[in-house]
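**Q** Sequence and predicted structure, then a few things I'm wondering about:
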Amino acid sequence: MAERMQAVARRMVPTREALVQNRFVRPLAARPELWRYTRRSVPRGVAVGLFVGIFALIPGVQIVGAALMCVPFRANVPLAAGATFLSNPVTTPMILLAALWVGSFLGLDADLTTFQALIDKGAGFGDWAAWLLSSAAPALVLGLFVISFVSAVIGYFSAIVLWRFWTARRRRVRLGRSAADGAPREA
């Protein structure tokens, strides 16, 4: 199962060479610390990717935005780019609905019945834009910010825990191999 997930991740996450071709991301490719998998850069990359992936729901902008956000946070670029795929055509409507609900829960006006009516009638871009530019925009932005921040924090701490389990397992395997070979154990 883990091998399949790694294979999928390798296919989905852009390579360093692919990002070098993008003129906006090219300066990042020259910084090797942004491409290493370390115990500090991995959780940062997950957090940055989740934050940008949820907050900026514009496809294409997410990966570039996550890569650019990795620079000040010294986060892992491939993981940040991969984490942006949490928001996809299947999850985006749920994220938008949750963001509107959170925004209205926090006191901003968002007409959820109009949102549902737009979905039901299959509204075009103009109808959605008119609705968003009305009173719904502040609630949506606040809700997206809260959801993306909470997701980034959860992703950060989850990545720390998973990193520790992964490194502990690798250490156990390495110690088991050295014990089987008759070599002295590491401390």
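**A** That came through fine.
**Q** so what secondary structure elements neighbour the one helix or strand Pro78 maps to?
**A** Assigned by DSSP states H and E, Pro78 belongs to helix 77-83. On a contact count with 3 or more C-beta pairs under 8 Å, 6 or more residues apart in numbering; DSSP states H and E, helix 77-83 meets helix 16-20, helix 41-55, helix 61-73. For the C-beta atoms, the positions are set from N, CA and C on the backbone; glycine is no exception.
**Q** Only C-alpha atoms, please: export the first one in CSV.
**A** Only the C-alpha atoms of helix 16-20 are listed here, as CSV (Å, rounded to 0.1, in the frame of the first residue of the first chain):
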residue,chain,number,x,y,z
ARG,A,16,12.4,20.0,-9.8
GLU,A,17,13.2,20.0,-13.5
ALA,A,18,9.5,20.6,-14.3
LEU,A,19,9.4,23.6,-11.9
VAL,A,20,12.6,25.0,-13.4
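**Q** Please point out which parts of it sit buried.
**A** Neighbour-count burial for helix 16-20, counted by 16 or more other C-beta atoms under 10 Å, picks out Leu19.
**Q** Show me what whichever helix or strand comes after that helix is packed up against.
**A** As assigned by DSSP H and E, the chain's next helix or strand after helix 16-20 is helix 26-29. For helix 26-29, the packing partners by 3+ C-beta pairs under 8 Å, 6+ apart come out as helix 16-20, helix 61-73.
**Q** Mean pLDDT added to the ones you listed, as JSON lines?
**A** Below are those laid out as JSON lines (pLDDT from 0 to 100):
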{"stretch": "helix 16-20", "mean pLDDT": "73"}
{"stretch": "helix 61-73", "mean pLDDT": "90"}
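**Q** For the longest helix along the chain, give the mean pLDDT please.
**A** Using DSSP state H to define each element, the chain has its longest helix at helix 137-180. Across helix 137-180, pLDDT averages out at 91.
**Q** ok, the closest residue to Phe24 other than its chain neighbours - how many residues close by?
**A** Counting by C-beta to C-beta, 6 or more residues apart in numbering, Phe24 lies nearest to Val64, which is 5.5 Å off, once chain neighbours are set aside. Each residue near Val64 was counted by other C-beta atoms under 10 Å, and the total is 18.
**Q** for the one 10 residues further on, same thing?
**A** Residues within reach of Arg74, counting by other C-beta under 10 Å, total 14.
**Q** quick one: it from Ala130, how far?
**A** Arg74 is 41 Å from Ala130, where distance means C-beta to C-beta, to the nearest Å.
**Q** Quick check: buried residues in stretch 113-123?
**A** Thr114, Phe115, Leu118, Ala123.
**Q** Tell me which of those fall in helices.
**A** Thr114, Phe115, Leu118.
**Q** which helices and strands does the strand or helix carrying Trp131 pack with?
**A** Assigned by DSSP H and E, Trp131 falls within helix 125-131. Applying 3+ C-beta pairs under 8 Å, 6+ apart, one finds that helix 125-131 contacts helix 112-121.
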